[in-house]
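> no FASTA, just this:
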């Protein structure tokens, strides 16, 4: 991977006419350390948020050793980077045969189900005596921007039966839930843990592991999220869950670990008054903006290798495809004289950007570089 001191140096040397994605290792190191130090339990990085090898390698080097994986390819990717890391196959729906390969070829022990039919299918492929199987519970809080319990999760009343069936099969039963995506109130985790406590209190046995999921938010321009420390404090001070003596809670941060350490540098292809057409858009690194949450990223314009400043005005931004829906939401303040050929760096775009971009209409870039300077 090519490395540069800053974006200005990268622009001066590459003069790119395609999007360039910039990894800031120092930012990822600081972000990961903060979460590892602050969360009162085991931290699993959600690979789906950003599976760029340079990002995952930096997280590994900083101490992230546990990975929340949704598919066999994600498990294989983690394994290629680190033979010592622990992969968790935390998707209730799997390609047939994937669980068997995950356990036999990659040593995966942790799986999840949310229905007895899913448990039966899983038991056909794995050795339960070598497995921890989480029962995923449906629980939601209104402060979450996206409800993650509409597709997956058994109702709390059904969890005891599912956990008992897991134990009867010879596996270690465990509990999991996910309050939602972009959870804007720490109270959401307190609420979900209270529901979990009621379920666990009614069990005739004690589970060792409870996965309280992800959803830890990140602030963006015009979208202010509570500090992570408030979530850690709420989780730490919540009434204790009735776990086994060696019990532990788990978290699955994706955005919280991946967002801030990556930027996208794109070029202006066309200007029509206050409308700018870029070489990346909603089918590329900006695809997450179609969901309810923030509408924009911090932006810095460049002309050549120098920052472009001066008076600003609001612009509507569009991607390069022929689809009229390739329009970024909201308006972005940029220098009034920005024009064709200038570049814009969009910061904190590491979450749900590279992992979901497409090659629709033939627009695609896989140019990833490293920036040694601290992100602004």
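Arrived safely, thanks for sending. Model, not experiment: these values are computed from the prediction. Numbers count the residues shown, from 1 in each chain.

> What are the boundaries of the helices in the stretch 251-376 of the chain?
Here the stretch 251-376 of the chain has its helices, by DSSP state H, counting those that start in this stretch, at 255-258.

> So residue 231 lies in a strand, does it not?
No - applying DSSP: H, G, I helix; E, B strand; the rest coil, one finds residue 231 to be helix, outside a strand.

> isn't it right up against residue 189?
Yes - judged on CB atoms under 8 Å, residue 231 makes contact with residue 189 at a distance of 6.5 Å. C-betas here are computed from N, CA, C, even on glycine.

> count of neighbours near residue 239?
By the criterion of other CB atoms under 10 Å, residue 239 has 9 neighbours.

> That one belongs to a strand?
No - looking at residue 239 with three-state DSSP, it is coil, so not inside a strand.

> Tell me the spatial nearest neighbour of it, not counting adjacent residues.
The spatially closest residue to residue 239, leaving aside those adjacent along the chain, is residue 197, at 6.4 Å (CB to CB, 6 or more residues apart in numbering).

> now residue 206
Going by CB to CB, 6+ apart, residue 206 has residue 244 as its nearest residue, at 4.3 Å.

> doesn't residue 208 make contact with the one you found?
Yes - using CB under 8 Å, residue 244 is in contact with residue 208, at 4.4 Å.

> Comparing those two, which residue is more hemmed in?
The residue with more neighbours, out of residue 244 and residue 208, is residue 208; 15 against 12, by other CB under 10 Å.

> Could you pull up the residues touching residue 329?
Taking CB atoms under 8 Å, 6 or more residues apart in numbering, we find residue 329 in contact with 289, 290, 295, 296.

> Do I have it right that the last one meets residue 286?
Pointing back at residue 296 there. No - Residue 296 is beyond contact range of residue 286, at 9.4 Å (criterion: CB under 8 Å).

> Please enumerate the shared neighbours of those two.
residue 328.

> For the longest strand along the chain, which helices and strands make contact with it?
Counting by DSSP state E, the longest strand found in the chain is strand 262-272. Helices and strands touching strand 262-272, by 3 or more CB pairs under 8 Å, 6 or more residues apart in numbering; DSSP states H and E, are helix 7-14, strand 20-23, strand 275-278, strand 343-346.

> sorry, back to before: which stretch of helix or strand covers the residue nearest to residue 239?
helix 187-201 (DSSP states H and E).

> Residue 249 too?
strand 248-251.

> and that strand, how far out from the chain's middle?
17 Å (CA atoms, centre = their mean, to the nearest Å).

> Could you do stretch 85-98 as well?
Counting by CA atoms, centre = their mean, stretch 85-98 comes out at 17 Å from the chain centroid.

> hey, where'd the strands end up in the stretch 1-150 of the chain?
Along the stretch 1-150 of the chain, the segments classed as strands by DSSP state E, counting those that start in this stretch run 3-4, 20-23, 42-46, 66-69, 86-89, 110-113, 132-137, 144-146.

> What separation is found between the N-terminal and C-terminal residues of stretch 173-192?
19 Å (CA to CA, to the nearest Å).

> mean confidence for that stretch?
For stretch 173-192, mean pLDDT is 95.

> got it, and stretch 130-141?
96.

> Endpoints of it, how far apart?
Where stretch 130-141 begins and where it ends lie 34 Å apart, using CA to CA.

> Equivalent analysis for stretch 236-246, please.
16 Å.

> List the contacts of it.
40, 189-190, 193-194, 196-197, 200-201, 206-210, 247, 249.

> just curious, which of those is nearest to residue 258?
The closest of the contacts of stretch 236-246 to residue 258 turns out to be residue 189 (CB to CB; 19.9 Å).

> Which residues are in contact with the closest one?
179, 183, 212, 231, 234, 235, 238.

> Next, format the residues you listed as a markdown table and append distance to residue 337 and secondary structure.
Listed next are the contacts of residue 189 as a markdown table, based on distance: CB to CB, whole Å; DSSP: H, G, I helix; E, B strand; the rest coil:
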| residue | distance to residue 337 | secondary structure |
| --- | --- | --- |
| 179 | 45 | coil |
| 183 | 41 | strand |
| 212 | 49 | coil |
| 231 | 42 | helix |
| 234 | 47 | helix |
| 235 | 48 | helix |
| 238 | 53 | coil |
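
> Including distance to residue 33 and neighbour count, could these go into CSV?
Below are these laid out as CSV (distance: CB to CB, whole Å; neighbours: other CB atoms under 10 Å):
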residue, distance to residue 33, neighbour count
179, 24, 25
183, 22, 27
212, 21, 24
231, 16, 26
234, 21, 17
235, 18, 20
238, 24, 21
